[in-house]
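Undergrad: The following comprises the amino acid sequence and a computationally predicted model.
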Amino acid sequence: MSVTSGSSSSSTYSSSSLHSFHSSGHPVVFCETCREVATDTCLAAGKHRKHKLSELQNAAVSQTERLTRDLKHLRNTVKNCGNIKQRSTGAKKQCKDVYESVKEYIDGQYQELWALLEQNRGQALNLLEVERETLQKSLSQLEEHQKTLTQVQEKIQELENQQTTDPQALLDEIKKQQECLDIMEKFFSAVNKEIKCGDSAEGMFNGVRLRALEESVKNIVQKNQELLPQPWDFSEAVTFDKRRMHKDLRISEERMQLILRGCPSNQTNKHTATWCSAVAGQSFSEGQHYWEVDVGGSRSWAVGVVEQGWEENGLDRPLGRDRTSWVLESDEGDLVALHSDVFSAVGSCSVRRLGVCVDCDKGKVKFCDVNSAKLLHIFFTRFSSSVHPAFSLRHTGRKRSSNLTICKLFPRSENAYLEEEEEEEDENSSRVNLRTSTEG
C-alpha cells in the first residue's frame, strides 16, 4: 500500500508560513468565491468584483455547515478505506520485509563487487611480481653469461697453445666450447635486440608488459568511473524557505512540503497568480549536489534551479522563462524542459519522484525519473552565481489543493529528535515567560 504525500507528519503547518492576501483594512463581508473575509480596502480596490459576497454572520453559519459536511464526507472516505489499523500493520510488515530483502541484496552485490575487485587486484599484483622476478632472472643470466664468456675465452686460448698427443680429446673439448659459444651468441644477440639505449639501464628493460598491465587497470577504473559515483552520493538536505515563497503558498512545519490551496475556477483571474514559486534556503556554488522531489501531489508543477537573486523580481512568475532559471515543467502531465523561455519537449511521462542533480563546476543540470532510473533531460550551461533549488505550483481552478514534497535522503538520528525536543522546550519556556511578564 502506497502512502500519499500528505501524511500525518506533514499535516501541521506553520502559521508564519500562511500569507493572507488582505493584510490591511476592516473586515466587512465574506467572499464565497475566495472563501475568505473581505476588507473595505480590498473591496475598494475591486479585488472581489463579480464575486459572491455574504454577511459575516450568515457566512459563519454557512461555513460551519460546510465544515460539518466536509467532516462527514471525510469520515465516509476513511470508512471506505476499511480497517486502517490492520492495513497499516500489514504495510509496516511489508515495508520491513522489503527493506530487509533489498538491504540484503544491495549488501550482497557490493560484497560480490568488492570480491571481484580484490581478486582482480591480487592477480594484477601477482603479474607485476612475476614480471619483476623474470627481469631479475634475465639480468642474473646476463651477468652469468658474461662470466662464462670470460672462461670460454681463457679455455680457447689454452687450446690454441696446447700441445697434445690425443687429438680425439682435443676435438671433444673444442666441440664443447663451440656449443657454449653458440648458446652465448643466441643469448647476446637477443639482448642486443632489446637494447635501444646503449649501455643505459633503460635499454636493458623496456617495461612493455608492465605498461600494458597498467593500461588494463586504468581501463577498469575508467569503466567504473562511468557508473560511479551515482547522483545520490551528492545528496543534500534541501528545505523550503518561508521568506522566499509566494504569498499563496504555505509550507509544513519541517519545511519539506509546499502547499497551494485549491480554488474555484472563477477565482483564477488576473488578480490571482497562475504560477506560485518558491526558492529553497540552500545555495550551491561548487561541486555536485542532488535532491529528490515527490511531484505526485500535483499535475502542474515546475522543479529546477535559479541563480542567486531570481526571486527579487517577484515570485508570481513562472520558472524557466528567463536566463537565470532551469527547470522541468509538467503541464497536466506533459513534460517540457525550460530555460530562457525555450521549450524542449520531454514527452508525456508519469513521474512521481523526480531527481535533480546539479554540477556547478561543469555547468550541468540533470533531471531523472527516480522510480524508473530514466534520464529525462540535461541542461548544459555556465552559472554566473550560486544557484538555489526552485519550485512552482500552478493555479488550475480546481478545488483540490496541490503539493510538492522534498524527499528525505538521510535517516534521522537520535540526536535530531533530541535537538527538536530541546527547541520545543525552549519555545514553550519562552511562551511561559512571555505570558508571565504580560500578566505581571
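TA: Nice, I can see it.

Undergrad: contacts, neighbours, all on C-alpha from now
TA: Will do.

Undergrad: So which residues of the stretch 301-440 of the chain form strands?
TA: 325-331, 334-339, 342-348, 353-359, 364-369, 374-380, 387-394, 402-406 (DSSP state E, counting those that start in this stretch).

Undergrad: now the ones you listed as a markdown table including distance to residue 77?
TA: Output for the strands of the stretch 301-440 of the chain, formatted as a markdown table (distance: least, CA to CA, whole Å):
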| stretch | distance to residue 77 |
| --- | --- |
| strand 325-331 | 29 |
| strand 334-339 | 30 |
| strand 342-348 | 31 |
| strand 353-359 | 26 |
| strand 364-369 | 31 |
| strand 374-380 | 35 |
| strand 387-394 | 26 |
| strand 402-406 | 19 |
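
Undergrad: Quick check: which ranges of this protein have low pLDDT?
TA: Along the chain, the parts satisfying pLDDT under 70 run over 1-24, 163, 165, 194-206, 262-273, 348, 397-399, 412-440.

Undergrad: and residue 279, which of the strands of the stretch 301-440 of the chain is closest to it?
TA: Across the strands of the stretch 301-440 of the chain, residue 279 has its closest neighbour in strand 387-394 (4.5 Å, CA to CA).

Undergrad: any idea which helix is longest in this structure?
TA: helix 84-161 (DSSP state H).

Undergrad: list the buried ones in the helix or strand that it is followed by?
TA: Next helix or strand after helix 84-161 toward the C-terminus (DSSP states H and E): helix 167-194. With burial defined by 16 or more other CA atoms under 10 Å, the residues of helix 167-194 counted as buried are 177, 181, 184.

Undergrad: count of residues packed around residue 44?
TA: 10 (other CA atoms under 10 Å).

Undergrad: Could you check how far it is from residue 61?
TA: As for residue 44, its distance to residue 61 is 26 Å (criterion: CA to CA, to the nearest Å).

Undergrad: Could you single out the nearest of the buried residues of helix 167-194 to residue 337?
TA: Residue 337 has its nearest neighbour among the buried residues of helix 167-194 in residue 184, at 74.6 Å by CA to CA.

Undergrad: The closest one contacts residue 145, correct?
TA: Yes: taking contacts as CA atoms under 8 Å, residue 184 lies within contact range of residue 145: 6.8 Å.

Undergrad: Map the structural domains onto the sequence of this structure.
TA: 16-81, 112-228, 232-409, 414-440 (automatic domain parsing).

Undergrad: and among the ones you listed, the most buried is which?
TA: Ranked by mean neighbour count, these are led by domain 232-409 with a mean of 19 (mean count of other CA atoms under 10 Å).

Undergrad: how far out from the middle of the chain is it?
TA: Distance of domain 232-409 from the chain centroid (CA atoms, centre = their mean, to the nearest Å) equals 15 Å.

Undergrad: Helix 167-194 and the longest helix of the chain, what's the angle between them?
TA: 140 degrees (axes from the mean of the first three to the mean of the last three CA atoms, to 10 degrees).

Undergrad: counting contacts, what elements does helix 84-161 pack onto?
TA: Packing partners of helix 84-161 (3 or more CA pairs under 8 Å, 6 or more residues apart in numbering; DSSP states H and E): helix 167-194, helix 208-227.

Undergrad: Let me have the domains of the chain in CSV, extended by distance to residue 96.
TA: As requested, these are exported to CSV (distance: least, CA to CA, whole Å):
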stretch, distance to residue 96
domain 16-81, 22
domain 112-228, 24
domain 232-409, 18
domain 414-440, 20
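
Undergrad: among the helices and strands packed on helix 84-161, which is nearest residue 113?
TA: Closest approach to residue 113 among the helices and strands packed on helix 84-161 is made by helix 208-227 (11.0 Å; CA to CA).

Undergrad: who touches that closest one?
TA: With contact meaning CA atoms under 8 Å, 6 or more residues apart in numbering, helix 208-227 is reached by 124, 128, 131.

Undergrad: Could you check what's spatially nearest to the first one, not counting adjacent residues?
TA: With sequence-adjacent residues excluded and distances taken as CA to CA, 6 or more residues apart in numbering, residue 124 is closest to residue 213, at 7.3 Å.

Undergrad: nearest to residue 255, of the contacts of helix 208-227?
TA: residue 124 (51.3 Å).

Undergrad: For residue 363, give me its contacts.
TA: Residue 363 neighbours (CA under 8 Å, 6+ apart): 379-383.

Undergrad: Apologies, that question was intended for residue 118.
TA: By CA under 8 Å, 6+ apart, residue 118 lies in contact with nothing.

Undergrad: Please tell me how far it sits from residue 130.
TA: Distance check for residue 118 against residue 130: by CA to CA, it reads 18 Å.

Undergrad: What strand or helix carries the nearest residue to residue 245 once chain neighbours are set aside?
TA: Nearest non-adjacent residue to residue 245, counting by CA to CA, 6+ apart: residue 278, 4.1 Å away. Here residue 278, judged by DSSP H and E, is contained in strand 275-280.

Undergrad: Which neighbouring elements make contact with that strand?
TA: The contact analysis (3+ CA pairs under 8 Å, 6+ apart) places strand 275-280 against strand 240-245, strand 387-394.

Undergrad: could you dump these to CSV with distance to residue 111?
TA: Shown next, in CSV, are the helices and strands packed on strand 275-280 (distance: least, CA to CA, whole Å):
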stretch, distance to residue 111
strand 240-245, 38
strand 387-394, 36
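
Undergrad: Which of the ones you listed sits closest to residue 105?
TA: For residue 105, the closest of those is strand 387-394, at 33.0 Å, according to CA to CA.

Undergrad: Just the terminal-to-terminal distance for stretch 240-252.
TA: End-to-end distance of stretch 240-252: 9 Å, with CA to CA as the criterion.

Undergrad: could I have stretch 299-318 exported to CSV, CA atoms only?
TA: Provided in CSV are the C-alpha atoms of stretch 299-318 (Å, rounded to 0.1, in the frame of the first residue of the first chain):
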residue,chain,number,x,y,z
ARG,A,299,-0.3,17.7,-12.2
SER,A,300,1.1,21.2,-12.9
TRP,A,301,4.4,21.9,-11.3
ALA,A,302,8.0,23.1,-12.1
VAL,A,303,11.2,22.0,-10.4
GLY,A,304,14.8,23.1,-11.1
VAL,A,305,17.3,25.7,-10.1
VAL,A,306,17.6,29.5,-10.2
GLU,A,307,20.6,31.8,-9.8
GLN,A,308,21.0,33.9,-6.7
GLY,A,309,18.6,36.9,-6.6
TRP,A,310,16.0,35.4,-9.0
GLU,A,311,13.1,36.0,-6.5
GLU,A,312,13.9,39.7,-6.3
ASN,A,313,11.8,40.2,-9.5
GLY,A,314,8.7,38.5,-7.9
LEU,A,315,7.6,35.0,-7.0
ASP,A,316,4.3,35.3,-9.0
ARG,A,317,6.1,34.4,-12.3
PRO,A,318,6.8,31.0,-13.8
